[in-house]
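Colleague: Build the 3D model from these lines:
(one chain, ligands or ions: 1)
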Amino acid sequence: MITKCLFPAAGYGTRFLPATKAMPKEMLPILTKPLIQYGVEEAVEADMNVMAIITGRGKRAIEDHFDISYELENQIKGSSKEYLLDEIRDLINRCTFTYTRQIEMKGLGDAILKGKALVGESDPFGVILADDLCINPDGNGIMHQMIDLYEKYKCCIVAIMEVPQDQVHKYGVISGRTIEDGVYLVDDMVEKPDNDKAPSNLAIIGRYILTPDIFEVIKKTKPGKNGEVQITDALLSQAKKGMVLGYKFKGRRFDCGSVEGFVEATNYFYDMTHKKE
Ligand code: G1P
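Modeller: Numbering: from 1, shown residues only. The predicted structure follows:
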């Protein structure tokens, strides 16, 4: 059983300045719900109940969001608006939230390594990057699908999707051999390659299942792209031992780290919830 999910949430969100000057980008709402809540809901749908969040300076709003606000509760108790807190209350009741800070922005690999204190060294765990908002209206969520796959193969898994060749430079990119429909045994992976040097157009999306031995591998991983410790590079060492799968998930992903993807997600969720009116 994988019950722990790590949420790296220390980044600055510079693409959303000035909105993210004093507010964490993970708290930007798609309609009325912050991005990170969608991520936590995806983890809960996958039967996970320990949410380990890597925060940084200026990110306290995330902790307050997953806590009770007595003043607010008291204010709206018995009013017609009380139901608006139902979903978040349910999450707070079902999950344990733990936090630690990434002191310096040294990359996603480093952020995940900080999570060791929260998820421990004995169990596999999930990783969700909340600005990749993933949904599957036709069935199990993306993390749920990945956990099911983990039960079969018991190794690290990265979510992947095909992207246009001129977009590969924005992603970690894998190549590999198909071992079952939509599942690749990864033989190479590169963080944000030049468009013409990428090993394929299979891009890594912000969902991972990692085995705890990854922590030792990250410690040995030298800074890579942009001088940061990349999880892609750490996973390449695992892949060379034949221990990483790429999984073409079922569903849809919105790049909410970009204004365009954020607006697309907003329109999509608005249409979903308001189209009958
Ligand atoms: C991170 C990862 C990258 C992955 C991407 C998915 O990059 O480093 O491998 O493809 O998330 O969103 P970031 O977008 O945080 O720069």
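Colleague: For stretch 154-170, buried residues please.
Modeller: Judged by neighbour count (16 or more other CB atoms under 10 Å), stretch 154-170 contains these buried residues: 155-161, 163, 168. Any C-beta I mention is one placed from the backbone N, CA and C, and that applies to glycine too.
Colleague: next one: stretch 191-209
Modeller: 191-193, 198-209.
Colleague: Quick one: the strands in the stretch 1-150 of the chain, in order.
Modeller: Here the stretch 1-150 of the chain has its strands, by DSSP state E, counting those that start in this stretch, at 4-8, 29-30, 33-34, 50-55, 96-101, 125-128, 132-135.
Colleague: For the helix or strand encompassing Asp187, enumerate the helices and strands it packs against.
Modeller: Taking DSSP states H and E as the definition, one finds Asp187 inside strand 183-191. Based on contacts counted as 3 or more CB pairs under 8 Å, 6 or more residues apart in numbering; DSSP states H and E, the elements that strand 183-191 packs against are strand 156-162, strand 172-180, helix 231-240, strand 244-248.
Colleague: who in the stretch 151-277 of the chain is up against the ligand?
Modeller: 171-172, 191, 203-206, 230, 232, 257 (CB under 6 Å from any ligand atom).
Colleague: wait, isn't Asp233 in contact with Gly224?
Modeller: Yes - the criterion here is CB atoms under 8 Å, and Asp233 meets it with Gly224 at 4.6 Å.
Colleague: Now for those two: what residues contact both?
Modeller: Glu191 (CB atoms under 8 Å, 6 or more residues apart in numbering).
Colleague: okay, these two: which has more neighbours?
Modeller: Asp233 (22 against 19; other CB atoms under 10 Å).
Colleague: got the contact list for Val217?
Modeller: Per CB under 8 Å, 6+ apart, neighbours of Val217: 234, 237-238.
Colleague: host element of it?
Modeller: Assigned by DSSP H and E, Val217 falls in helix 214-220.
Colleague: now that helix, how far from the chain's geometric center?
Modeller: Distance of helix 214-220 from the chain centroid (CA atoms, centre = their mean, to the nearest Å) equals 19 Å.
Colleague: And for stretch 215-230?
Modeller: Counting by CA atoms, centre = their mean, stretch 215-230 comes out at 19 Å from the chain centroid.
Colleague: go on, stretch 170-190?
Modeller: 19 Å.
Colleague: ok, what's across the strand from the one residue in the chain that gets nearest to the ligand?
Modeller: Ranked by CB to the nearest ligand atom, the top residue of the chain for proximity to the ligand is Gly172, at 2.5 Å. Taking DSSP bridges as the rule, Gly172 bridges to Glu191.
Colleague: ok, Asp187 touching Ile179?
Modeller: No - using CB under 8 Å, Asp187 is not in contact with Ile179, being 11.5 Å away.
Colleague: which of those two has more neighbours?
Modeller: Under the criterion of other CB under 10 Å, the comparison of Asp187 against Ile179 puts Asp187 first, with 16 against 11.
Colleague: what does the stretch 1-150 of the chain have sitting close to the ligand?
Modeller: 108, 129, 132.
Colleague: go again using 5 Å as the cut-off
Modeller: 108, 132 (CB under 5 Å from any ligand atom).
Colleague: Okay, helices next: where are they in the stretch 1-150 of the chain?
Modeller: Under the criterion DSSP state H, counting those that start in this stretch, the stretch 1-150 of the chain contains helices at 35-45, 60-65, 70-76, 86-94, 108-114, 116-119, 142-153.
Colleague: between the lengthiest helix in the chain and helix 35-45, what angle do the directions make?
Modeller: Under DSSP state H, the helix in the chain containing the largest number of residues is helix 259-274. Interaxial angle of helix 259-274 relative to helix 35-45 (axes from the mean of the first three to the mean of the last three CA atoms, to 10 degrees): 60 degrees.
Colleague: For helix 259-274, buried residues please.
Modeller: 261-262, 264-266, 268-269.
Colleague: nearest to Asp64, of those residues?
Modeller: Closest approach to Asp64 among the buried residues of helix 259-274 (CB to CB): Phe262, at 22.2 Å.
Colleague: Many thanks, we can stop here.
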